[in-house]
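Trainee: Sequence and predicted structure are below.
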Amino acid sequence: MEKCNGENKREGKLKKKVAVAGGAGFIGSHLAKSLKDDGGYYVVVGDWKENDFMHWTDFCHQFFLLDLRDMANCIKLTEGCSEVYMLAADMGGMGFIKSNQSVLMFNNTLISTNMLESARRHLHTVNRYFYASSACVYNEHKQMETTNPGLKESDAWPAKPQDTYGLEKLYSEEMGLAYMRDFGLQFRCARFHNVYGPKGSWKGGREKAPPAFCRKAICSETEFEMWGDGEQTRSFIYIDDCVTGIRKIMDCPDLDVPVNLGSSEMITMNGFAKLALDLCGKSNLPIKHIEGPVGVRGRNSDNTLIKEKLNWEPKVRLAEGMKETMRWIKCEIERELESGKVQDLSRYCSSRVVAQTTDSLDQLLVKTNEDKASL
Ligand code: NAD
Ligand code: GDC
């Protein structure tokens, strides 16, 4: 698996070398691109797959195809870096995290612990470490009502996180905080609240509600399928705000506790479906409620802490961000139709639930055996 996929020279200028783990993913690739475009950074990305929508040279200077469950690979990725952004995770929306509890927990625990320890090994160069946490860390009992007033950072404890996905995030937050206390690593951590925008997963089962709703609104002609009764509430943060927030949090000298990075514009999923349908000129399409993984009943972001620390909070309104996301997904679907990759759009009117397989676990075992055999 470990394979160096290409290198760029340093362009003669002194740049801060930074690593983005999971940088071929949705948020990681937008973040890496923002750092690269900034001009002051030499951006190294590590991921076990390539980005689905951009060539790696569009968003980083150097790309390593690496399995970050292996510590040697994490050490290689972080070598000589002054900042590490840790966004790698086996993840998805409700169609993935509920049905993949064991495999994602195994994978994410290895990635998170190995990445953090690798940063410690490079403490002579690594000044700051960013960890991408999630609103899934919050106590489920605080999310039983659709009228969620906004989750405050203190609502994570006492703990009853959502699924093994949320538990691993909470554990990794604590591990980062312990490394900061014990070893002086400057740890920064944001709890993302459902991030959306162009160039993210929009089909296959891992996609979250915003791209799923765009795809279904574009492709549905008779009804709009929705998991659950649609009264469940969420807030969604646009990718540009997410990247701006990560960079501000990383640059802040005293934000050394986990902080919400989310919008406080809460909406019901029925209202959200209506918004997506309106954008497609299909306002009258009826919503068909079906069984599916629904997650918590109500979730919103309380932004008191981020406003206090950064004098900033996410700005992009949901209608505005969805317009951009819808435009991009329409182009993706048109491209698939033109190339003949898809002929019948009816398959895009429903969302899949991803069944758990042990493929990724078995892959790691095979690699270990291969390593032993070559000794
Ligand atoms: P994503 O799936 O697009 O990106 C994650 C990347 O990690 C992928 O490119 C994947 O290939 C990579 N990865 C997974 N396992 C790996 C391994 N063993 N080795 C190397 N790379 C590996 O997801 P995203 O939406 O960009 O999320 C980024 C981070 O933010 C994740 O940590 C996620 O848990 C967190 N997060 C995201 C959201 C959201 O709404 N998107 C919300 C809360 C938290
Ligand atoms: O998947 P998600 O966006 O994740 O779902 C939001 C709500 O939309 C859920 O109640 C879900 O049942 C409903 N829904 C209805 N139809 C559909 O077709 C659909 N697809 C999807 N995906 N959802 C549909 C997420 C986690 C993430 C992450 C964030 C943090 O939970 O899945 O991994 O960490 O939270 O905010 P959501 O918001 O429940």
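Mentor: Noted; the coordinates are in hand. Ligands and ions are numbered 1, 2, ... in the order given.
Trainee: CA only for contacts and neighbour counts going forward, please
Mentor: OK.
Trainee: how close does the closest residue in space to A89 that isn't next to it in sequence sit to M115?
Mentor: Sequence neighbours aside, N108 is the residue nearest to A89 in space, at 5.5 Å (criterion: CA to CA, 6 or more residues apart in numbering). Here N108 is placed at a distance of 10 Å from M115 (CA to CA, to the nearest Å).
Trainee: So for those two, which residue has more residues nearby?
Mentor: For N108 versus M115, the count of surrounding residues by other CA atoms under 10 Å is larger for M115: 29 against 22.
Trainee: Please, which helix or strand holds the more buried one?
Mentor: When elements are assigned from DSSP states H and E, M115 belongs to helix 101-121.
Trainee: how about the following helix or strand past that helix: buried residues?
Mentor: Following the chain from helix 101-121 toward its C-terminal end, the next helix or strand by DSSP H and E is strand 128-134. Along strand 128-134, the positions that meet the burial threshold by neighbour count (16 or more other CA atoms under 10 Å) are R128, Y129, F130, Y131, A132, S133, S134.
Trainee: Check stretch 283-297 too.
Mentor: Neighbour-count burial for stretch 283-297, counted by 16+ other CA under 10 Å, picks out L285, I287, P293, G295, V296, R297.
Trainee: What is the end-to-end distance of that stretch?
Mentor: Counting by CA to CA, the terminal residues of stretch 283-297 are separated by 25 Å.
Trainee: Would that stretch count as contacting ligand 1?
Mentor: No. Contact between stretch 283-297 and ligand 1, assessed by CA under 6 Å from any ligand atom, is absent, since the two come no nearer than 13.4 Å.
Trainee: And stretch 237-247, by the same measure?
Mentor: No. Using CA under 6 Å from any ligand atom as the criterion, no contacts between stretch 237-247 and ligand 1 are found, and the smallest distance is 8.0 Å.
Trainee: and that stretch, how far out from the chain's middle?
Mentor: A distance of 11 Å separates the C-alpha centroid of stretch 237-247 from that of its chain, computed with CA atoms, centre = their mean, to the nearest Å.
Trainee: Would you mind listing the outside residues contacting that stretch?
Mentor: When contacts are taken as CA atoms under 8 Å, 6 or more residues apart in numbering, the neighbours of stretch 237-247 outside the stretch itself are 27, 30-31, 34, 190, 192-198, 261-263, 313-316, 318, 321.
Trainee: and the helix or strand hosting H30, anywhere near ligand 2?
Mentor: In this structure, H30 sits in helix 26-38 according to DSSP H and E. No. No part of helix 26-38 sits close enough to ligand 2 to count as contact by CA under 6 Å from any ligand atom; the gap is at least 12.2 Å.
Trainee: I'd like the next helix or strand past that helix.
Mentor: Using DSSP H and E, the helix or strand that follows helix 26-38 in sequence is strand 41-47.
Trainee: for the nearest residue to K142 once chain neighbours are set aside, helix, strand, or coil?
Mentor: The spatially closest residue to K142, leaving aside those adjacent along the chain, is D155, at 7.3 Å (CA to CA, 6+ apart). Using DSSP: H, G, I helix; E, B strand; the rest coil, the secondary structure recorded for D155 is helix.
Trainee: measure D155 to L170 for me?
Mentor: As judged by CA to CA, D155 and L170 stand 12 Å apart.
Trainee: cool, and K203?
Mentor: Distance of K203 to L170, computed by CA to CA: 28 Å.
Trainee: quick one, which of those two is more surrounded?
Mentor: More crowded of K203 and L170, by other CA under 10 Å: L170, with 25 against 17.
Trainee: and the helix or strand in which that one is found, what does it pack onto?
Mentor: Secondary structure from DSSP H and E places L170 in helix 163-183. The criterion is 3 or more CA pairs under 8 Å, 6 or more residues apart in numbering; DSSP states H and E, and the helices and strands that helix 163-183 contacts are helix 101-121, strand 128-134, strand 186-192.
Trainee: Can you add distance to P253 and mean pLDDT and give the ones you listed back as a markdown table?
Mentor: Below are those laid out as a markdown table (distance: least, CA to CA, whole Å; pLDDT from 0 to 100):
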| stretch | distance to P253 | mean pLDDT |
| --- | --- | --- |
| helix 101-121 | 19 | 98 |
| strand 128-134 | 10 | 98 |
| strand 186-192 | 9 | 98 |
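Trainee: Kindly reformat the ones you listed as CSV containing distance to ligand 2.
Mentor: Converted to CSV, the helices and strands packed on helix 163-183 look like this (distance: least, CA to the nearest ligand atom, whole Å):
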stretch, distance to ligand 2
helix 101-121, 11
strand 128-134, 5
strand 186-192, 6
